[in-house]
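[1] show me how the following folds:
(one chain, ligands or ions: 1)
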Amino acid sequence: MAAEHGNAVIRIEHLSTRIGDSWIHHDLNLEVCRGEILAIMGGSGGGKSVLLHQIMGLLRPTEGRIRVMDTDVHRASPAELRRVRRKWGIVFQTGALFSTLSLLDNVAFPLREMARYRSSLDEGTIRDLAWLALANVSLGPQDGLKKPGAISEGMVKRTALARALILEPELLILDEPITGLDPVLSGEFIALLNDLREEYNFTGLVVSHNMNALANFADRFAVLADGGFKGIGTLEELAAIEHPFIRGLFAPTSGQERMFRLSHRAE
Ligand SMILES: Nc1ncnc2c1ncn2[C@@H]1O[C@H](COP(=O)(O)OP(=O)(O)OP(=O)(O)O)[C@@H](O)[C@H]1O
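    You can find the predicted model right below:
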């Protein structure tokens with residue numbers, strides 16, 4: 001799907017972050033355009049989680065600003081922030097499911113919250129929508145009444161995805177979506193994300209350290225290293241950048257496979 005450039009869903013401007021005596025980010029600038037999937041890549045301790053928390057409005061940058069759907073998430077009123085938060089869905093790295101609720105009730109949770117303000121959402125409708133959302137991630141009636149402790153890691157991820165999508169968000173944020181999944185399951189999860197992208201038409205922000213696994217999902221990558229974005233672009237554009245961290249993302253174990261894919265894309 002082509003991104004509409006100039007139509008930023010997330011806009012990060014001159015963002016710098018100091019924690020204690022250390023500068024974690026220096027003058028970050030980034031736009032996530034409507035309709036695209038952008039992946040923020042980086043090594044451990046590189047500042048991805050801090051940036052994600054800042055985008056969600058949970059942590060304040062030392063300098064700069066972040067707008068999500070034209071709302072400055074650090075200067076907005078609580079009501080404005082609530083309005084913009086209703087337009088995004090988040091899949092946390094661990095799934096963050098409520099352990100005492102069934103998968104069905106986890107997925108229904110955002111709808112039940114909404115029903116407090118919209119009386120048109122009755123309990124029967126909520127349950128039907130939650131079953132449908134579970135079916136969309138290939139979880140059936142045999143799974144819906146299970147608790148998170150009784151299911152596999154892959155099912156946790158799919159349930160978290162169903163919950164994030166149930167309010168049909170404009171923006172889907174995925175924190176390390178395939179961490180903890182083996183290569184087969186992570187391939188299946190990426191295929192599911194691609195299917196759901198067609199259906200829900202969301203803009204996506206993904207945080208990950210595994211560029212290879214996201215090659216078939218993300219349109220662009222922003223590589224965070226040494227506090228700055230060392231490259232922002234498609235895989236082909238990044239492949240032309242001589243920065244050692246970026247070269248490391250392309251090497252060594254999966255490099256041949258990716259170069260094969262790149263050469264075929266170029267044909
Ligand atoms: N609350 C905090 N207090 C002090 N330092 C922190 C805090 N949160 C993060 N940091 C530091 O900020 C830096 C960036 O951390 P961050 O968690 O954003 O990295 P990351 O890229 O998400 O790493 P990982 O992939 O391992 O989760 C690290 O050096 C970390 O120690």
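[2] just give the number of residues close to residue 151.
    17 (other Cβ atoms under 10 Å). For glycine as for every other residue, the C-beta is placed from the backbone atoms N, C-alpha and C.
[3] in this structure it contacts residue 145, no?
    No - in terms of Cβ atoms under 8 Å, residue 151 does not count as a neighbour of residue 145; the distance is 11.1 Å.
[4] overlap of the contact sets of the two?
    residue 103 (Cβ atoms under 8 Å, 6 or more residues apart in numbering).
[5] stretch 88-108: how far from the chain's middle?
    In this view, stretch 88-108 has its centroid 15 Å away from the chain centroid, taken as Cα atoms, centre = their mean, to the nearest Å.
[6] and residue 149, how many neighbours?
    Around residue 149 there are 9 residues (other Cβ under 10 Å).
[7] quick one, phi/psi of residue 216?
    phi -90, psi 10 (degrees, to the nearest 10).
[8] now it. Nearest residue, chain neighbours left out?
    residue 190 (5.8 Å; Cβ to Cβ, 6 or more residues apart in numbering).
[9] for the closest residue to the ligand within the stretch 151-267 of the chain, what are its contacts?
    The stretch 151-267 of the chain approaches the ligand most closely through residue 209 (5.8 Å), counting by Cβ to the nearest ligand atom. By Cβ under 8 Å, 6+ apart, the contact set of residue 209 is 41, 42, 43, 44, 48, 176.
[10] distance of residue 191 relative to residue 144?
    22 Å (Cβ to Cβ, to the nearest Å).
[11] try residue 240
    Residue 240 is 48 Å from residue 144, by Cβ to Cβ.
[12] number of nearby residues for the closest residue in space to residue 241 that isn't next to it in sequence?
    Spatially, and ignoring its direct neighbours in sequence, residue 241 is nearest to residue 231 (4.5 Å; Cβ to Cβ, 6+ apart). Neighbourhood size, residue 231 [other Cβ under 10 Å]: 20.
[13] next, residue 231: secondary structure please.
    Here residue 231 is recorded as strand under DSSP: H, G, I helix; E, B strand; the rest coil.
[14] need the pLDDT of it.
    At residue 231, the predicted lDDT confidence score is 94.
[15] ok, it touching residue 224?
    No - the pair residue 231 / residue 224 is not scored as a contact, 9.7 Å apart, by Cβ under 8 Å.
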